[in-house]
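Enquirer: all I have is the shape, not the residue letters:
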């Protein structure tokens, strides 16, 4: 039994509170199973209860987990989960806010939001489910589908180059960038825990297999092709932005903490008159006296 | 005797006409006058002609006249643009160095019995130790003298305005005094009444008032993306954020703003956003989300003429249909329209309460003229509208079933509680169709949830107040029905605050909708029954409220006064329309 499993055995109730009895609706072998498993593990190990976390879901296969996580969830609009989650966090900074979205939402429909969510460093754990296609709409190419892949809607092969998601994110001045794979639940759990501890936007790319529509980067392909920063690159410094940029440009998919900037100030902390000790805005709705303002008009 | 005195200052944008206007209107306010003021300006920062118009009276007034009694012009292009708005027998104040170049205007002035008051303002400013920049200060003194009002009030206001720039104080005061003292002409004192009592009134516009109303009602976070004419709400909110301990965030676009607003409402605070029609177009998908997850969401549309960029700095009432019918699917919502600062302050508070009571999106419609016109109003009454949140809290949370959140009820309203307020009473706020706790439900019975949500519209309609009637109770010679800023001009016409009381003797009344949707029709039916000659007044091309009324009732309007050229309804518009419709009256 691994250390993580031993620890989990000690907090089984905290894990089980999020478990659902519902019939799952993902394909067999879908990466979402292990991703949700790892997220529940991370929440249990961080001792985060249902009264201390709000889950925000985009639309797509990942979004269909919105009623399979037994806690307070919101299932919003396609592409818009980042501003939705930011609005939740601003209103209630005392709870953890987790946002999940696929690659279609993150780098097509909602690409503009990525730029500004990272720039504002809203304190959210963001799981980017990257299965390199639109699964729920049955297999179209996304902005992350490699050129040449034959997909629904491009039978001759995707004619344009794919984006490199982390290269983009690293150009935005992030505070926390990591990469994990759905093939390694323990490692996902560790990184998700780090993301939950982070006081800023934790952008975590989750390499996700899609057994139905993505025949190129399968579970087995990931197992063979991923490498771990911690094992392979002992001298890697995650505070070095240039090293991070070089790393994500490589063909090898390295997993682990890619970049961390502890100096970055998140949006709330950047508000001059905001104090983390002050009541959350949800606790603070009251009639405000504006007579002082009116007297000056 | 005129019931209002109309002063217009015209100049190219960026020439300082606003500071002249600001000092004059504040001085008039300090004299105890009721004032209304608005500016016309093109959508650019410098150049183009613009004007600032002040109408004032010892009686309350809320709308403007299209023409003026006194025209102050800063430069030639603005003289060209606005000279014809100066009424026969009026006064033209200007400060050109070489009035020779204005011969055509001087000739016209003579023909129209216009008195010209002139002084070379640049030379005057320099003579008393100032610079070119102070020529407008000379002009301000000239205008005040023409009004025949006491110098000390003007001087006090000048000192207040430039308190933070003491280095210019001496020369400013010298220029002001020179303008005042060297001007000899004064309009006859019989032209208007100086107020007997000096009651303290604020000088405030609708955008400012709606910000204060929202702050007072417990809005803790405000989101916006800049868009004329809503942008000053963002400015005010940001200015007060520290003082009142709220968060103000400018998002990257209106879709973001709508979703930030959505997230904050869902999490359980009071949140607000504002935009104009084009920005609201982008928000509509999120409004639909609010509809299905039954979460309050409040947004303001400060209207300007569309389509597309349209006329960004002008006014319209063209987005009623947008507010009522936009967003995919069918769901309950409420549309409220504001007309003046008082309305802005109070109706936003009701909007927030209704959004929480019915767990629906509430859209507050304002327009440029409401948002940006300055009015003199008493300080708003506070603590008159309690915050009503309708949340399950404290020990009552224990009694909840998770399925209570979207439980199918007769009136359509289910219980709502703040996420995370209880560890076991979680629910899913699901944008997919769902069951009582929000779990995905695609069975045929899903239609019941759809109908349950829609039932809230009937419940809401019963809950809303009936429209109000201004003017005579019944048997008016002519009646109007409208919404939004139309109320201001109607109030002035009914209160005989027109140009010169020309329409005295005509019995007028007006039915005003503050709560436009869902439409209440009981008072309206009675209004039509009691009054034989009912007309529609709306600032759009199609008569959108009229269409809604005709769709829901069998009532027919005798006529429609519609306007869509970016200008608000002026008192002349009403006077002329009434004259056309009632040729037999004098």
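Expert: Arrived safely, thanks for sending. Computed from a prediction, not measured in an experiment: that's the story for all the values here. Numbering: from 1, shown residues only, chains lettered A, B, ... in the order given.
Enquirer: could you pull out the buried residues of the helix or strand harbouring residue A:248?
Expert: Per DSSP states H and E: residue A:248 is located in helix A:241-249. Neighbour counts using 16 or more other C-beta atoms under 10 Å in any protein chain shown place A:241, A:244, A:247-248 of helix A:241-249 among the buried residues. Backbone N, C-alpha and C define where each C-beta goes, glycine included.
Enquirer: pretty sure residue B:9 is touching residue B:52, no?
Expert: Yes - Residue B:9 lies in contact with residue B:52 (C-beta atoms under 8 Å); the separation is 4.8 Å.
Enquirer: list residues touching both of those two?
Expert: B:17, B:20-21 (C-beta atoms under 8 Å, 6 or more residues apart in numbering or on different chains).
Enquirer: tell me the angle the helix or strand following the helix holding residue A:248 makes with helix A:241-249.
Expert: For helix A:241-249, the following helix or strand on the C-terminal side (DSSP H and E) is strand A:253-260. Here strand A:253-260 points in a direction 160 degrees away from that of helix A:241-249 (axes from the mean of the first three to the mean of the last three C-alpha atoms, to 10 degrees).
Enquirer: how far does strand A:253-260 sit from its chain's centre?
Expert: Chain-centre distance of strand A:253-260: 14 Å, with C-alpha atoms, centre = their mean, to the nearest Å.
Enquirer: walk me through which strands it pairs with, and which way each runs.
Expert: Here strand A:253-260 has these sheet partners by DSSP bridges: strand A:176-181 (antiparallel), strand A:226-228 (parallel).
Enquirer: and the average pLDDT for the first one is what?
Expert: Meaning strand A:176-181. Strand A:176-181 shows a mean pLDDT of 98.
Enquirer: same question, the shortest one
Expert: Regarding strand A:226-228, the rounded mean pLDDT is 97.
Enquirer: contacts for that strand, please.
Expert: Identification of contacts with strand A:226-228 by C-beta under 8 Å, 6+ apart yields A:181, A:183-184, A:187, A:207, A:252-256.
Enquirer: swap in 10 Å and give it another go.
Expert: For strand A:226-228, contacts defined as C-beta atoms under 10 Å, 6 or more residues apart in numbering or on different chains pick out A:179-181, A:183-184, A:187, A:207, A:233, A:250, A:252-256.
Enquirer: in chain B, where is pLDDT below threshold?
Expert: Within chain B, the set of residues satisfying pLDDT under 70 comprises B:1-2, B:45-47, B:498-504, B:583-586.
Enquirer: in it, where's the longest strand?
Expert: If you go by DSSP state E, chain B has its longest strand at strand B:47-57.
Enquirer: check whether that one comes near chain A.
Expert: No - Strand B:47-57 lies apart from chain A when judged by C-beta under 10 Å from any C-beta of the partner chain; the minimum separation is 16.9 Å.
Enquirer: adjacent strands (with direction) for that strand?
Expert: The strands beside strand B:47-57 in its sheet (DSSP bridges) come out as strand B:5-13 (antiparallel), strand B:34-40 (antiparallel).
Enquirer: sorry, back to before: any chance of the shared contacts of residue B:9 and residue B:52 in JSON lines, plus neighbour count and secondary structure?
Expert: Listed next are the shared contacts of residue B:9 and residue B:52 as JSON lines, based on neighbours: other C-beta atoms under 10 Å in any protein chain shown; DSSP: H, G, I helix; E, B strand; the rest coil:
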{"residue": "B:17", "neighbour count": "27", "secondary structure": "helix"}
{"residue": "B:20", "neighbour count": "20", "secondary structure": "helix"}
{"residue": "B:21", "neighbour count": "25", "secondary structure": "helix"}
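Enquirer: show me which of the residues you listed is closest to residue A:123.
Expert: For the shared contacts of residue B:9 and residue B:52, the minimum distance to residue A:123 (C-beta to C-beta) is 45.5 Å, reached by residue B:21.
Enquirer: do a quick rundown of the strands in the stretch 1-150 of chain B.
Expert: B:5-13, B:34-40, B:47-57, B:68-73, B:86-94, B:115-118 (DSSP state E, counting those that start in this stretch).
Enquirer: specify the angle between the third one and strand B:68-73 in degrees.
Expert: Here strand B:47-57 points in a direction 140 degrees away from that of strand B:68-73 (the same axes, to 10 degrees).
Enquirer: residue 48: neighbouring residues, count only.
Expert: Just so you know, I chose chain A. By other C-beta atoms under 10 Å in any protein chain shown, 19 other residues sit near residue A:48.
Enquirer: let's do chain B instead
Expert: Burial of residue B:48 is recorded as 16 neighbouring residues (other C-beta under 10 Å).
Enquirer: isn't it right up against residue B:17?
Expert: No - using C-beta atoms under 10 Å, residue B:48 makes no contact with residue B:17, being 11.9 Å away.
Enquirer: so what sits against both of the two?
Expert: B:41, B:78.
Enquirer: ok and the residue in chain B nearest chain A?
Expert: Residue nearest to chain A within chain B: residue B:263 (2.3 Å; C-beta to the nearest C-beta).
Enquirer: tell me the spacing between that residue and residue A:54.
Expert: Going from residue B:263 to residue A:54 by C-beta to C-beta, to the nearest Å gives 9 Å.
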